[in-house]
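S.K.: Give me a 3D structure for the following:
(one chain, ligands or ions: 1)
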Amino acid sequence: MAITIPDISLNDGTTIPQLGFGVFQIEPKDTVAAVTTALETGYRHIDTAEMYGNEAEVGEAVRMSGLDRGSVYVTSKLNNGFHRPDDARKAFDSTLAALKMDYIDLFLIHWPLPTLYDGDYVSTWKVLEEFQRDGRARSIGVSNFQVAHLERLAAEADVVPAVNQIEAHPYFGNDEVRAYGREHNILTEAWSPIAQGKVLDDPTVVDIAGQLDRTPAQVVLRWHVQRGDIIFPKSTTPKRIEENTRIFDFELDDTAMERITALNRGEAGRQGPNPDTFAYVPR
Ligand SMILES: NC(=O)c1ccc[n+]([C@@H]2O[C@H](COP(=O)([O-])OP(=O)(O)OC[C@H]3O[C@@H](n4cnc5c(N)ncnc54)[C@H](OP(=O)(O)O)[C@@H]3O)[C@@H](O)[C@H]2O)c1
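M.R.: Numbers count the residues shown, from 1 in each chain. This is a model prediction of the structure:
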């Protein structure tokens with residue numbers, strides 16, 4: 001059965017498939033196979049990053065698929081060592097060269113790094129505005145930006161980010177940042193949507209999955225979809241890659257939605273680094 005993945009409109013007039021495929025922690029040697037499986041399954045949106053070390057393999061899989069470039073949505077991200085404007089320009093050239101693409105659908109600042117570069121992510125953002133103006137990035141956005149970081153961009157920059165890609169899952173709702181996005185037309189992309197598997201044996205999730213005859217992963221991914229966020233679960237397991245697409249043919253009722261939302265542990269539920277202090281620069 002073919003799958004239909006809804007498109008969501010961004011603030012710059014483009015659209016993005018609500019479900020994509022994430023490739024964080026997929027070894028370069030395994031990436032072509034995983035992305036090929038995803039594209040064969042019907043995914044048309046791949047989320048990579050320079051930091052993941054597999055942009056070239058993502059590009060290779062897209063080319064090998066024989067699909068039109070225009071029918072596959074590709075995101076990549078500026079790595080933490082390249083926030084200075086000239087470095088950002090070179091890094092973006094390298095990303096396009098690795099992908100062997102002449103444009104990217106969406107390019108993000110991976111982390112705000114407020115304790116590095118004199119806290120100046122605004123100059124970095126203005127370089128992404130250049131990439132959008134010259135047409136090599138159809139859309140530009142940010143990742144791991146907190147409300148204060150978004151407010152500063154709003155005050156000092158011209159373009160409102162199309163998306164903010166942030167950690168969000170039932171144990172970490174990240175609702176303050178999501179609410180800012182909703183109010184300012186910045187779409188939320190939820191990373192680690194199943195908390196790298198940690199929410200899948202939660203008794204509430206397991207109970208709802210049992211009632212609906214769905215898997216825990218499908219229930220949690222469906223919860224994100226009904227919250228209106230974009231998701232790109234990662235898997236190298238073909239059966240799971242397929243399973244994660246079967247989320248558009250059922251609905252969670254209000255009670256199920258509320259029960260999952262109530263699993264939120266606030267800051268204690270965060271699995272990844274806190275963007276206010278994260279200062280990792282790969283060497
Ligand atoms: N911007 C950022 O800073 C940032 C940070 C983290 C992630 N991301 C993006 O978000 C994407 C997704 O996040 P993530 O990779 O951290 O975690 P995730 O998608 O929440 O979870 C991936 C893990 O869950 C397992 N899994 C996947 N589907 C499953 C299913 N149906 N049943 C049981 N287990 C399942 C996978 O195992 P197998 O692979 O073994 O099947 C893998 O161990 C990343 O790939 C990346 O694109 C962005």
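
S.K.: Backbone torsions only: list them for whatever residue of the chain ends up closest to the ligand.
M.R.: Using CB to the nearest ligand atom, the single residue of the chain nearest to the ligand is Gly22, 2.3 Å away. Just so you know, the C-beta spots here come from the backbone N, C-alpha and C atoms, and that holds for glycine as well. Dihedral pair for Gly22: phi -90, psi 140, per degrees, to the nearest 10.

S.K.: which residues does it bridge with?
M.R.: Asp47 (DSSP bridges).

S.K.: So it sits against His45, correct?
M.R.: No. At 9.7 Å, Gly22 does not count as touching His45 under the criterion of CB atoms under 8 Å.

S.K.: Report the set of residues contacting both of these two.
M.R.: By CB atoms under 8 Å, 6 or more residues apart in numbering, Gly22 and His45 have these common neighbours: Phe232.

S.K.: So which residues on this structure come close to the ligand?
M.R.: Taking CB under 6 Å from any ligand atom, the part of the chain that reaches the ligand is made up of 22-25, 47, 110, 143-144, 165, 191-197, 200, 215, 217, 232-237, 240, 243-244, 272.

S.K.: Quick check on these: which are buried?
M.R.: 22-23, 47, 110, 143-144, 165, 191-196, 200, 215, 217, 232-235, 243-244 (16 or more other CB atoms under 10 Å).

S.K.: which ones among those residues are found in helices?
M.R.: Using DSSP state H, the subset of those located in helices is 217, 243.

S.K.: Tell me which entries of the buried ones among the residues of the chain next to the ligand lie within strands.
M.R.: Among those, the members falling in strands are 22, 47, 143, 165, 191 (criterion: DSSP state E).

S.K.: The second one contacts Gly22, correct?
M.R.: In this case it means Asp47. Yes. With contact defined as CB under 8 Å, Asp47 reaches Gly22; the gap is 4.7 Å.

S.K.: list residues touching both of the two?
M.R.: Phe232.

S.K.: And the residue sitting furthest away from the middle of the chain, how far from Ala256?
M.R.: Distance from the C-alpha centroid of the chain peaks at Gln211, with 29.4 Å (CA atoms, centre = their mean). Distance of Gln211 to Ala256, computed by CB to CB, to the nearest Å: 8 Å.

S.K.: same question, Ile194
M.R.: Look at Ile194 and Ala256: by CB to CB, they are 16 Å apart.

S.K.: which residues does Asp253 contact?
M.R.: No contacts exist for Asp253 under CB under 8 Å, 6+ apart.

S.K.: Contacts only, for Val58.
M.R.: Val58 sits next to 23, 31, 35, 46, 48, 74, 99 when contact means CB under 8 Å, 6+ apart.

S.K.: Would you reformat the residues you listed as TSV and include pLDDT?
M.R.: Shown next, in TSV, are these (pLDDT from 0 to 100):
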residue	pLDDT
Val23	98
Thr31	98
Val35	98
Ile46	99
Thr48	98
Val74	99
Leu99	98
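
S.K.: in which helix or strand would I find Ala34?
M.R.: Assessed by DSSP states H and E, Ala34 sits inside helix 28-41.

S.K.: If anything else comes up later, I'll come back, but that's it for now.
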